[in-house]
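**Student:** requesting a structural model of the entry that follows:
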Amino acid sequence: MKTAVLGLGFMGSMHVRALTQLAGAKLVAVCSDVEKQLTGDLSSVQGNLGGPGQVFDFTGVKPYRHIPDLLADPEIEAVDICLPTFLHEETAIAALRAGKHVLVEKPMALDGAGARRMIAAARESGRLLMCAQVLRFLPEYVALKEAMAGLGAVRSASFERRSSQPGWGGWLKDSTKSGGGVFDLLIHDIDACLWLFGMPREIAATGSGNWVDAQLYYDGFTVGVEGGWLDSPAYPFCMEYRVTMERGTVEFSSAGKPPVLFAEAERKLPVTPADGYAAEVAYFVECCAAGKAPDRCPPEQSAQAVELMRAVLDARARNGEKVACGNRE
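**Tutor:** I've put the predicted structure just below:
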């Protein structure tokens, strides 16, 4: 699958690395407005995870400075959009109409209406659309989903994600471009809840600024989703979960605690070492090559994640009041 990466920041660098290692894909083009990045030098790129950026060999990779020029290239079969969130909808729709398959980074769009327009464009074009919701591919979260199948009904759950305010990507701090810190960060955990439990019946939330403490009410149990950006520059990135079921509790924290099942005894869950970013890109490429819908990460659920995250932020303004969710399909 001849693929182009649009945007060479942290996510773009992770996707470039994945594409250069996939047997079924070939990186044929990149697009950036930073000249240094077009040479393959991504050493200055920063992100929440991993070490310093890499330098890639872009020999034979076409450098584009303007998106329309890249989309007009007939050699490109698929595009991997790692641009700022406010550019996702416009760029994805243009790419689909140009006959390209589209992988777009999370959040899928700034609002549900934009995400639904992207889905409509994919249907009209006959091309595949997928949003890169990486928790569905991270080994620690895959291990949770697999363990849940044998542990009975859910009793309660909590998901947390927090970090210091990012010192990179100035657009992230502009809520009109990123949706804000809570929207950009917690979209991961909201999507995980949809993946694991489906759409909640009601929601409530408190918090302010770049922080939210939300409750998702399901039939018979409640899920807490909390996190955001902290003002302390030295605060490390951390993600964690706890899910209690009839026959055990599973806990995980990226701060040094692998997934553990507490049942009759304490047992580490089997976790297959893997790069979640590489796994999601590989899955997208496989779906494109086979001409099959991305059932593991359907765009309709990615749109729901955007809608639910927006609903949580709206509920936060009501300071803990329960709000009914809309479409639960």
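**Student:** only C-alpha atoms for contact and neighbour calcs from this point on.
**Tutor:** Fine.
**Student:** just to be sure, residue 29 is in a strand?
**Tutor:** Yes: the assignment for residue 29 by DSSP: H, G, I helix; E, B strand; the rest coil puts it in a strand.
**Student:** for it, which residues are in contact?
**Tutor:** Applying C-alpha atoms under 8 Å, 6 or more residues apart in numbering, we find residue 29 in contact with 3, 4, 5, 61, 62, 63, 64, 70, 76.
**Student:** who is it paired with across the strands?
**Tutor:** Bridge pairing for residue 29 (DSSP bridges) gives the partners residue 4, residue 62.
**Student:** again, but for residue 226
**Tutor:** Here residue 226 sits in beta bridges with residue 160, residue 213, as judged by DSSP bridges.
**Student:** for it, what are its contacts?
**Tutor:** 158, 159, 160, 161, 186, 211, 212, 213, 214.
**Student:** ok, the closest residue to residue 233 other than its chain neighbours - contacts?
**Tutor:** Counting by C-alpha to C-alpha, 6 or more residues apart in numbering, residue 233 lies nearest to residue 164, which is 5.3 Å off, once chain neighbours are set aside. Applying C-alpha under 8 Å, 6+ apart to residue 164 gives the contacts 229, 230, 231, 232, 233, 234, 235, 236, 237.
**Student:** per-residue confidence for the residue minimising distance to the centre of the chain?
**Tutor:** Against the mean C-alpha coordinate of the chain, by C-alpha atoms, centre = their mean, the closest residue is residue 133 at 3.0 Å. Per-residue confidence at residue 133 stands at 98 (pLDDT).
**Student:** if we can go back for a sec, out of the contacts of residue 29, who has the most neighbours?
**Tutor:** Counting by other C-alpha atoms under 10 Å, residue 4 has the largest number of neighbours within the contacts of residue 29, with 29 neighbours.
**Student:** that older thread, is the residue nearest to residue 233 in a bridge, and if so with what?
**Tutor:** Listed by DSSP bridges, the beta-bridge partners for residue 164 are residue 230.
**Student:** so how far is residue 234 from the residue nearest to the centre of the chain?
**Tutor:** Distance from residue 133 to residue 234, counting by C-alpha to C-alpha, to the nearest Å: 27 Å.
**Student:** what's the answer for residue 303, then?
**Tutor:** 33 Å.
**Student:** also residue 321?
**Tutor:** Distance from residue 321 to residue 234, by C-alpha to C-alpha: 34 Å.
**Student:** specify which member of the contacts of residue 226 is nearest to residue 199.
**Tutor:** The nearest member of the contacts of residue 226 to residue 199, counting by C-alpha to C-alpha, is residue 214 at 14.2 Å.
**Student:** wait, the closest one sits on residue 205?
**Tutor:** Yes: counting by C-alpha atoms under 8 Å, residue 214 does reach residue 205; the two are 4.1 Å apart.
**Student:** spit out the residues that contact those two alike.
**Tutor:** Here residue 214 and residue 205 share the contacting residues 312, 316, scored by C-alpha under 8 Å, 6+ apart.
**Student:** what about residue 215, which helix or strand?
**Tutor:** For residue 215, the host element (DSSP states H and E) is strand 211-218.
**Student:** for stretch 115-123, buried residues please.
**Tutor:** For stretch 115-123, the neighbour count (16 or more other C-alpha atoms under 10 Å) marks 115, 116, 117, 118, 119, 121, 122 as buried.
**Student:** then stretch 185-203?
**Tutor:** For stretch 185-203, by 16+ other C-alpha under 10 Å, it's 185-195, 199-203.
**Student:** what sits up against that stretch?
**Tutor:** If you take C-alpha under 8 Å, 6+ apart as the criterion, stretch 185-203 is touched by 106-107, 133-136, 145, 159-162, 214-219, 225-228, 301-302, 305-306, 308-309, 312, 315, 322-325, 327-329.
**Student:** can you give me the helices for the chain?
**Tutor:** Using DSSP state H, the helices of the chain run over residues 10-21, 35-38, 67-71, 88-97, 112-125, 139-148, 175-178, 181-197, 276-290, 299-316.
**Student:** residue 36: neighbour count?
**Tutor:** Burial of residue 36 is recorded as 12 neighbouring residues (other C-alpha under 10 Å).
**Student:** for the residue nearest to it when sequence neighbours are not counted, give its distance to residue 214.
**Tutor:** Closest residue to residue 36 apart from its sequence neighbours, by C-alpha to C-alpha, 6+ apart: residue 42 at 7.7 Å. Per C-alpha to C-alpha, residue 42 is found 36 Å from residue 214.
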